[in-house]
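Visitor: All I have is the shape, not the residue letters:
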Ligand SMILES: Cc1cc2nc3c(=O)[nH]c(=O)nc-3n(C[C@H](O)[C@H](O)[C@H](O)COP(=O)(O)O)c2cc1C
């Protein structure tokens, strides 16, 4: 099988955190969501446990309640950061955009909360990587599948500061973990760009961390 590298690389390099260009007025059909989730569950999971579950939230009151939880945890921080960060810097633009999303979160057509069966048993890297490493690849695949169909999303985690409150609202059992909250919508236009990132040669090491791959 040969991939069209131009298309594949474009998908991988232009799937952005979309906030201001979410189309808050256009419906997102279940079929599209399910198609993207079907692709998402091709992602790897530790021991092939496949413990992902997906909450789709369309109910207006529940979306508003989740948005309030989100703002309760992150609203003040984002509003302050949006005010104080340099508006022309990448961070300043992210903060302004994140503050916008916090304000509009309850109005997104649909929210998706990825769940994974299990709770962190201890604070070790091993246990955190095993648990969240079995849902985050699927979340990202879901976001890539959305992008390829003209939709967008933004990986958010702020509401997890009150995870139990969201679990109660949605009837999520105690033995499950939420991995984030994805606002999902069609995007206004589909022309997204690759972001500025450091050259990988500067952050890649060969055999020992003391040895940059291109020393
Ligand atoms: C673990 C994680 C948590 C994040 N949490 C939030 C969040 O709570 N709210 C938000 O607006 N964006 C959140 N983001 C999105 C990042 O701000 C965004 O990915 C980053 O600024 C880079 O932008 P890009 O994805 O368009 O390249 C999160 C991203 C990751 C990976």
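Guide: That came through, no problem. What you see is a predicted model; the values in this text were computed from it and never measured.

Visitor: Any figure for the gap between the spatially most central residue of the chain and the ligand?
Guide: In the chain, the centroid-proximal residue (CA atoms, centre = their mean) is residue 155; its distance is 1.8 Å. Using CB to the nearest ligand atom, to the nearest Å, residue 155 is found at 4 Å from the ligand. C-beta here means a position set from N, CA and C on the backbone, and glycine is covered the same way.

Visitor: For that residue, which residues are in contact?
Guide: Shown in contact with residue 155 (CB atoms under 8 Å, 6 or more residues apart in numbering): 17, 139-140, 143, 180, 182.

Visitor: Pop out the phi and psi values for it.
Guide: phi -70, psi 110 (degrees, to the nearest 10).

Visitor: The one 5 residues further on now?
Guide: Main-chain dihedrals, residue 160, degrees, to the nearest 10: phi -70, psi -10.

Visitor: Find the nearest non-adjacent residue to it, please.
Guide: Distances taken as CB to CB, 6 or more residues apart in numbering place residue 178 nearest to residue 160, at 6.1 Å, with adjacent residues excluded.

Visitor: In contact with that neighbour, which residues?
Guide: Residue 178 sits in contact with 113-115, 159-160, 163, 166-167, 172, where contact means CB under 8 Å, 6+ apart.

Visitor: Counting neighbours, which of those end up buried?
Guide: For those, a burial check counting by 16 or more other CB atoms under 10 Å picks out 113-115, 159-160, 163, 166-167, 172.

Visitor: Strands along the protein, start to end?
Guide: Secondary structure of the chain, counting by DSSP state E: strands at 52-57, 110-117, 151-153, 176-178, 182-186.

Visitor: How about the third one and the ligand, touching?
Guide: No - applying CB under 6 Å from any ligand atom, one finds that strand 151-153 is not in contact with the ligand, the shortest distance being 9.9 Å.
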